[in-house]
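In: fold the following, please.
(chains A and B)
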There are 2 protein chains.
Amino acid sequence: MKNGILVPKFCPSIFSHASAVGKKEHAGPLGSLFDFHDETDRFGQETWEQSESEMQHVALNLALTKAGLSSSGIDAVFAGDLINQCTGSSFGLLDVPSPYFGLYGACSTSAEALILATLYLNATGASTVAAVTSSHNCTAERQFRFPVEYAALRTPTSQWTVTGAAAFLLGDGPGAYITSLLPGRIVDRGVTDANNMGAAMAPAAFDTLSRYFSLSGSSPSDFDGIFTGDLGYEGHAILTDSLSSSGFPTSNFFDCGLLIYDREKQDAHAGGSGCGCSACVLSSFLLPKLERGEFHDILFVATGALMSRKSLLQGNSIPGIAHLIRITKERNL
Amino acid sequence: MKNGILVPKFCPSIFSHASAVGKKEHAGPLGSLFDFHDETDRFGQETWEQSESEMQHVALNLALTKAGLSSSGIDAVFAGDLINQCTGSSFGLLDVPSPYFGLYGACSTSAEALILATLYLNATGASTVAAVTSSHNCTAERQFRFPVEYAALRTPTSQWTVTGAAAFLLGDGPGAYITSLLPGRIVDRGVTDANNMGAAMAPAAFDTLSRYFSLSGSSPSDFDGIFTGDLGYEGHAILTDSLSSSGFPTSNFFDCGLLIYDREKQDAHAGGSGCGCSACVLSSFLLPKLERGEFHDILFVATGALMSRKSLLQGNSIPGIAHLIRITKERNL
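Out: Below you'll find the model as predicted:
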């Protein structure tokens, strides 16, 4: 068990899921795959924070509708976002009458929520557990950097916080299956560049992935793809360089932050980030490929930078974390 | 299962625990019961945020030392605090080489962490899982209200954020046992007074407790005590009034926010609050009473206000949540 891969006794399916995104995400390479988008990024709300909450609400309700359920059909919900005190989630899920577990794992929260939802199902025998995460470019920019109206210049290594929310329902219906988990540990390699989160998170992704291959005796080439999220261009290069140096083939490594935008045409610098990035790519792109049989076995590795604006201003380095989930087309491999 | 009480198949013990607090807490009625205190509230650090992280570090290491373990003996850690992006925990637990799950449940985080640690043990067969939470008056005051140097006047209904951290190790050794769980749901009754969190959280405590008594067929008088944390004077009065009106006896209801300070002598207004409040009272006062056999069966109900400074400024109401844990002297009642 210790620092080991968790193989759930009951491997739940992700039997329904949905994503809701903003204008830029809809204009990107995956644009037509998202369930819902709003060209104004406002989702009918007066503040950006309420817009983010509404995205969570929309994503969860779409996932429930696809499954023919209402929110009273959920046994528990695990949720998180980047807003201070995670109010994106607490206000977005106000009308869910189920036990609520608030999480903070920065951009790794999507995988943290899926891991804990899987363990909750196993520990309690619940039938349906929801995992919901979000980020919004305008809530994140003004909280972590500058209000977007300032039009501050961005460094090439900076990432673009995705405006998007995704919701997943885990249980026993048809869908792709969660068959292994490797929760991440905090890894701090002393990176202090607030405009290069990819570099700060890459060592955590390396730690989790190299442990996974070692503990499971598998190789990257055993999988249809290994999808990190969201290291961006810089972090992806650091991770694949590091893994190559350790003898791992990396030709099937992809990053959700690079999949969601067209870097050349969309001015996204090093790529997407935010709790909504990997979650929306998983819901719109990866799970449908598993459901259609185009993929059979993937690793999904969401990464997070566990810093705050204040910790950066106080001169702290940026600890990273990476949570891994193996998702397969069949429950029994 | 739905909205139901969770009775773990394996009821873990809290086999070791420790608390570290500041000057005011040490001067209070429970002062001599805390494992460690620092008269300067600084814990040897340069910033208040680092002081809070160091408190977590101290509390966890004391709990490990009492159990004769090192941090490599932990299979997973669940942790949280009130600082934006929960950096109190991510920096405080940097050197723990175990899977890390960041949580945000405001002042309910202590119970959220204990619930998830219990479920983690049940789902994975791990042997030792840690739950760590903290708050620091100086990090909370400047983040949510004003820097303490302003000496801003406080309203009588406002609470005093506790400077304290506590760590709990869950597993199979001798100690008190976690025998039932009722995770809370988000309850919003429209309270908007930022200086009266007790009023905002009391409806959530009422929701969780009245559901618990109804679902379990038990009465408050079946327990040695029911310990909410941290409603303070206002919230405690609202909760006991509401429960009395519903026919429940409330003579054995206590609140961790009222136990930790002497309201008359310590200028603590409506009482203590913060993720460290209920956690430190549990570790210093409640668990030892269970271990010594002075208590046999208690309910521990940590409450949280799921708001942020920004959500208040934007005119949102304050949603509350209350997570319940039944803790008993014997594993099999």
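
In: tell me how far the residue nearest to residue A:37 when sequence neighbours are not counted lies from chain B.
Out: Here the nearest residue to residue A:37 in space, its sequence neighbours aside, is residue A:26; by CB to CB, 6 or more residues apart in numbering or on different chains that works out to 3.9 Å. From N, CA and C alone the C-beta is placed, and that goes for glycine too. Residue A:26 is 26 Å from chain B, where distance means CB to the nearest CB, to the nearest Å.

In: count of neighbours near residue A:26?
Out: Residues lying near residue A:26 (other CB atoms under 10 Å in any protein chain shown) number 19.

In: tell me the SS of residue A:107?
Out: On the three-state scheme (DSSP: H, G, I helix; E, B strand; the rest coil), residue A:107 is labelled helix.

In: which pLDDT value belongs to it?
Out: Turning to residue A:107, the model gives it a pLDDT of 97.

In: thinking the residue nearest to residue A:37 is in contact with residue A:39, fair?
Out: Yes - using CB atoms under 8 Å, residue A:26 is in contact with residue A:39, at 7.4 Å.

In: tell me the contacts of the residue nearest to residue A:37?
Out: A:34, A:37, A:39 (CB atoms under 8 Å, 6 or more residues apart in numbering or on different chains).

In: right, and the first one touches residue A:20 too?
Out: When you say that, I think you mean residue A:34. Yes - with contact defined as CB under 8 Å, residue A:34 and residue A:20 form a contacting pair (7.0 Å).

In: among these two, which residue is more densely surrounded?
Out: residue A:20 (29 against 24).

In: surely that one is in a strand?
Out: Yes - assessed by three-state DSSP, residue A:20 belongs to a strand.

In: so how far is chain B from it?
Out: 20 Å.

In: got the buried residues for the helix or strand bottoming out on mean pLDDT in chain A?
Out: Sorting the helices and strands of chain A by mean pLDDT, DSSP states H and E puts helix A:263-266 at the bottom, at a mean of 91. For helix A:263-266, a neighbour-count test (16 or more other CB atoms under 10 Å in any protein chain shown) marks A:263, A:266 as buried.

In: next helix or strand past that helix?
Out: Following helix A:263-266 in sequence order, the next helix or strand is strand A:272-273 (DSSP states H and E).

In: so what strands line up beside that next one?
Out: strand A:160-161 (parallel) (DSSP bridges).

In: how many neighbours does residue A:309 have?
Out: 15.

In: distance-wise, check it relative to residue B:141.
Out: As for residue A:309, its distance to residue B:141 is 18 Å (criterion: CB to CB, to the nearest Å).

In: how about residue A:15, secondary structure?
Out: Once three-state DSSP is applied, residue A:15 turns out strand.

In: which ones are touching the residue nearest to it when sequence neighbours are not counted?
Out: With CB to CB, 6+ apart as the criterion, residue A:15 has its nearest non-adjacent residue at 3.3 Å, and that residue is residue A:173. The neighbours of residue A:173, taking CB under 8 Å, 6+ apart as the test, are A:13, A:15-16, A:67.

In: most neighbours of all those, which one?
Out: Going by other CB under 10 Å, residue A:16 tops the contacts of residue A:173 with 25 neighbours.

In: contacting residues for it?
Out: A:63-64, A:66-67, A:69, A:168-169, A:173, A:175.

In: now intersect these with the strands, please.
Out: Among the contacts of residue A:16, the ones falling in strands (DSSP state E) are A:168-169.

In: ok, the contacts of residue A:16 vs residue A:116, which is closest?
Out: residue A:168 (11.9 Å; CB to CB).

In: distance of the closest one relative to residue A:52?
Out: Counting by CB to CB - residue A:168 and residue A:52 are separated by 18 Å.

In: cool, and residue A:233?
Out: Distance from residue A:233 to residue A:52, by CB to CB: 25 Å.

In: ok, residue A:317 next?
Out: From residue A:317 to residue A:52 the distance is 28 Å (CB to CB).

In: pick the one among the contacts of residue A:173 closest to residue A:246.
Out: Among the contacts of residue A:173, residue A:13 lies closest to residue A:246 (CB to CB), at 33.3 Å.

In: now do the nearest residue to that closest one once chain neighbours are set aside, the pLDDT please.
Out: Leaving aside its sequence neighbours, residue A:13 sits nearest to residue A:175 (CB to CB, 6+ apart; 3.8 Å). At residue A:175, the pLDDT value in this model is 98.

In: let me see the contact set for residue A:175.
Out: By CB under 8 Å, 6+ apart, the contact list for residue A:175 reads A:13-17, A:287, A:291.

In: which strand or helix spans residue A:279?
Out: Element membership for residue A:279 (DSSP H and E) is helix A:275-281.

In: quickly check: that helix near chain B or not.
Out: No - using CB under 8 Å from any CB of the partner chain, helix A:275-281 stays clear of chain B, with a minimum separation of 11.6 Å.

In: export that helix to PDB, keeping only CA atoms.
Out: Extracted in PDB, the C-alpha atoms of helix A:275-281 (Å, rounded to 0.1, in the frame of the first residue of the first chain):
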ATOM      1  CA  CYS A 275      -8.900  23.200 -12.900                       C
ATOM      2  CA  GLY A 276     -11.200  23.300 -15.900                       C
ATOM      3  CA  CYS A 277      -8.500  22.500 -18.500                       C
ATOM      4  CA  SER A 278      -7.700  18.800 -17.900                       C
ATOM      5  CA  ALA A 279     -11.300  18.200 -16.800                       C
ATOM      6  CA  CYS A 280     -12.800  19.600 -20.000                       C
ATOM      7  CA  VAL A 281     -10.300  17.700 -22.200                       C
END
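
In: check which residues of it are buried.
Out: Of the residues in helix A:275-281, A:275-281 count as buried by neighbour count, 16+ other CB under 10 Å.
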